[in-house]
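# Here is my input, please return the structure:
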Amino acid sequence: MNTHMHADHVTGTGKLKSLLPGTKSVIGANSGAQADVHLNDGATVSVGSIKLLAVATPGHTNGCLTYICHDQAMAFTGDTLLIRGCGRTDFQEGSSESLYNSVHTKIFTLPEHYTLYPAHDYKGQTATTVGEEKKYNPRLTKNLKEFIKIMDNLNLPYPKMIDKALPANRVCGIY
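Coordinates of the predicted model:
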């Protein structure tokens, strides 16, 4: 199950599918990526007794999904919400306003004890909680206008390989 797709990501989906016959790739319908299953906002995916609710959280990309498991009080946020940060919004379908609204209306409205698992963290952490991010996230504790200003001034390097990726090869990866 994929939270989003970017052209510069290396995918593991094909390898997993070759190792585990019958495996299906899953991604948001708004991602534009190739996959076996395309989910819309509000879709539920069951894996054994585990039920995951797919919630559209655009902003990092148009097709970002957060997967919520209410039974276990957790969510997989991809790059929409990172630990004390969020995904960049300065390329490929990014929108600071959409990301801010997604986090505040779809993730920060979850109970504060819910554990959040982002796609990655640059400091080696693996999880946070809704309550921690609402209190300590240096970007998303700001109002929308301040958040947009922060995101507009990150001055991050442009991904080196992103322009070489062809839209026809937009195959979803594992994030």
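
# For the rest of this, base every contact and every neighbour count on C-alpha atoms.
Fine.

# Look up how far Lys142 lies from the nearest residue to Gly78 once chain neighbours are set aside.
Nearest residue to Gly78, sequence neighbours excluded (Cα to Cα, 6 or more residues apart in numbering): Ala119, at 4.2 Å. Applying Cα to Cα, to the nearest Å, the value for Ala119 to Lys142 is 23 Å.

# again with Thr126
Remark: distance between Thr126 and Lys142 (Cα to Cα) = 24 Å.

# Show me what the mean pLDDT comes to for the strand ranked longest in the chain.
For the chain, the longest strand by residue count, based on DSSP state E, is strand 50-56. In this model, strand 50-56 has a mean pLDDT of 98.

# buried sites along that strand?
For strand 50-56, burial by neighbour count (16 or more other Cα atoms under 10 Å) applies to 51-56.

# Please list the residues outside that strand that contact it.
Here strand 50-56 makes contact (Cα atoms under 8 Å, 6 or more residues apart in numbering) with 28, 39-46, 63-71, 102, 106.

# what element comes up after it heading to the C-terminus?
Next helix or strand after strand 50-56 toward the C-terminus (DSSP states H and E): strand 65-69.

# Mind giving me the packing neighbours of the helix or strand just after that next one?
For strand 65-69, the following helix or strand on the C-terminal side (DSSP H and E) is strand 74-78. Under the contact definition 3 or more Cα pairs under 8 Å, 6 or more residues apart in numbering; DSSP states H and E, strand 74-78 sits against strand 65-69, strand 115-118.

# Just say helix, strand or coil for Thr105.
Put simply, Thr105 is helix when judged by DSSP: H, G, I helix; E, B strand; the rest coil.

# give me every residue that touches Thr77.
3, 65-67, 116-119.

# what's the answer for Asp152, then?
By Cα under 8 Å, 6+ apart, the contact list for Asp152 reads Asp90.

# Now it. Its backbone dihedrals?
Dihedral angles of Asp152 (phi, psi; degrees, to the nearest 10) stand at phi -70, psi -10.

# Repeat that for His38.
Here is the backbone geometry of His38 (degrees, to the nearest 10): phi -110, psi 120.

# Now it: closest residue in space, sequence neighbours ignored.
Once flanking residues are discounted, His38 sits nearest to Ala29: 4.5 Å by Cα to Cα, 6+ apart.
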